[in-house]
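Peer 1: generate a structure from the sequence data that follows.
(one chain, ligands or ions: 1)
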Amino acid sequence: MTKRVVLIGHPVAHSLSGAMQQAAFDHLGIDATYELWDRAPMTLAEAIAELRGEDFLGANVTIPHKERVVPLVDKLAEEAHAIGALNTITKEGKKLVGHNTDVPGFKDALDRLVGRQKMPRHAVVLGAGGGARAVVHGLIREGFQRVVVFNRHLHRGESLVKHFSRSAAHMDLRAMPWHESIIESELAKTKVLVNATSIGLGSDETPIPAEILGPDLMVLDLIYANTRLLRDAAAAGCTTADGEMMLLHQGAASFTLWTGQPAPMDVMHAALTEARARGITSAEGEPVPSEPVPSEPVPSEPAGA
Ligand code: NAP
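Peer 2: Now for the predicted structure:
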């Protein structure tokens, strides 16, 4: 029986995850398909229940369902529990288990950004959504001593900090209001800047002005593109990286969870590069900036309802 893995989001369209996972299944001769399921929040429970069927190996879950899917699974792996969001579902018989592979994905991206330098201890994180939660969890685990979260809506940043209050009790994790002067003053004290907002995803906007980027900064943008932030940072002399490594490594971790096999990283990387060259810009966790092209009929509800 051909096994099925699905990406559940709303909207989902030409997904880079689809290209990367299908290439991995095909390369290893695994008889499985990776499908895109556009499911509005109202039909999420039904979609999750369907995964209990024998033909499913599991799923990826993306925007806007990463948090609301948590009560719909039977068990959470440690990281999904700690973060309060999941992006991967595996099966134990008919039981559904939630995982969060954004964390190992982020760790690989951070390690690559820092390279042979000593791991810094201070970071500034822009954003407080699901991606930012995985980033903050990763920074806490990495031993960072001060992490400042800036978010457009301060209350969301504060909830994030509250969520991690226990695991971050030994360090300084705080949310601050999004004011350019405050961000500038924090950046002057930090080495690592992570953009976990979606600013720059569908337009050539940047979350912060180029003038406040110093040359010593290491800048990671979770968006899988050469965003304006990254171009400004490179021009200022910073070390930079986009979301490619995080996307690749979270996908590889999900693949191994579903199949029990090591992920063919080269094949997945090549599929990502090829899909990107064809103009596909939607990554795991990224809403599609241009017109969505769903793989199945979309229920006529407003996006994000
Ligand atoms: P999310 O939960 O929807 O959060 C979006 C974040 O962006 C929030 O902090 C939001 O602020 C902020 N934001 C959006 N538009 C804004 C604007 N115009 N001005 C200021 N802030 C704005 O999404 P997510 O899952 O965290 O994803 C965030 C980004 O990370 C996306 O670009 C996604 O593609 C990327 N990501 C990449 C990977 C990867 O593997 N490379 C993995 C996960 C996520 P408010 O709370 O104030 O609305």
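Peer 1: of all of this structure, which residue lies closest to the ligand?
Peer 2: Distance from the ligand to each residue of the chain (CB to the nearest ligand atom) is smallest for Gly129, at 2.1 Å. Where C-beta positions appear, they are placed from N, C-alpha and C, glycine not excepted.
Peer 1: so that residue makes contact with Ala196?
Peer 2: Yes - the criterion here is CB atoms under 8 Å, and Gly129 meets it with Ala196 at 6.8 Å.
Peer 1: which of these two has more neighbours?
Peer 2: Taking neighbours as other CB atoms under 10 Å, Gly129 and Ala196 compare with Ala196 leading, 27 against 21.
Peer 1: for the more buried one, give me its contacts.
Peer 2: Val125, Leu126, Gly127, Ala128, Gly129, Gly131, Ala132, Val135, Leu222 (CB atoms under 8 Å, 6 or more residues apart in numbering).
Peer 1: from Lys162, how far off is the last one?
Peer 2: In this structure, Leu222 and Lys162 are separated by 22 Å, where distance is defined by CB to CB, to the nearest Å.
Peer 1: neighbour-wise, which of these two wins?
Peer 2: Set Leu222 next to Lys162 and count neighbours by other CB under 10 Å: Leu222 wins out with 31 against 11.
Peer 1: which residues does the nearest residue to the more buried one once chain neighbours are set aside contact?
Peer 2: Spatial nearest neighbour of Leu222, excluding adjacent residues (CB to CB, 6 or more residues apart in numbering): Gly243 at 4.4 Å. Counting by CB under 8 Å, 6+ apart, Gly243 makes contact with Ala109, Leu220, Asp221, Leu222, Ile223, Tyr224, Ala225, Ala283.
Peer 1: how far does stretch 192-210 sit from the chain's center?
Peer 2: 15 Å (CA atoms, centre = their mean, to the nearest Å).
Peer 1: just to be sure, Asp204 is in a helix?
Peer 2: No - assignment of Asp204 by DSSP: H, G, I helix; E, B strand; the rest coil gives coil, placing it outside any helix.
Peer 1: if I pick it, what's in contact with it?
Peer 2: When contacts are counted by CB under 8 Å, 6+ apart, Asp204 touches Thr227, Arg228.
Peer 1: go again using 7 Å as the cut-off
Peer 2: For Asp204, the contact set (CB atoms under 7 Å, 6 or more residues apart in numbering) comprises Arg228.
Peer 1: check it and give its pLDDT.
Peer 2: With respect to pLDDT, Asp204 scores 92.
Peer 1: pop out the phi and psi values for it.
Peer 2: Per-residue torsions, Asp204: phi -90, psi 50 (degrees, to the nearest 10).
Peer 1: now Asn195
Peer 2: The phi/psi pair for Asn195 (degrees, to the nearest 10) is phi -90, psi 110.
Peer 1: what about it, neighbour count?
Peer 2: Counted with other CB under 10 Å, Asn195 comes out at 28.
Peer 1: isn't it right next to Leu217, touching?
Peer 2: No - Asn195 sits out of contact with Leu217 when judged by CB atoms under 7 Å, with a separation of 11.6 Å.
Peer 1: for the protein, what lies in contact range of the ligand?
Peer 2: Counting by CB under 6 Å from any ligand atom, the chain comes close to the ligand at 63, 102, 105, 127-132, 151-153, 156, 196-199, 201, 222-224, 243, 246-247, 250, 283-286.
Peer 1: low pLDDT regions in the stretch 151-300 of the chain?
Peer 2: Across the stretch 151-300 of the chain, residues meeting the criterion (pLDDT under 70) sit at 280-300.
Peer 1: all helices for it, in order.
Peer 2: 154-163, 180-187, 228-235, 244-259, 265-277 (DSSP state H, counting those that start in this stretch).
Peer 1: most tightly surrounded among these?
Peer 2: Mean neighbours per residue, mean count of other CB atoms under 10 Å, is largest over these for helix 244-259, with a mean of 24.
Peer 1: which residues are in contact with Thr190?
Peer 2: His122, Ala123, Val124.
Peer 1: what about the first one, neighbour count?
Peer 2: Taking other CB under 10 Å as the criterion, the count of residues near His122 is 17.
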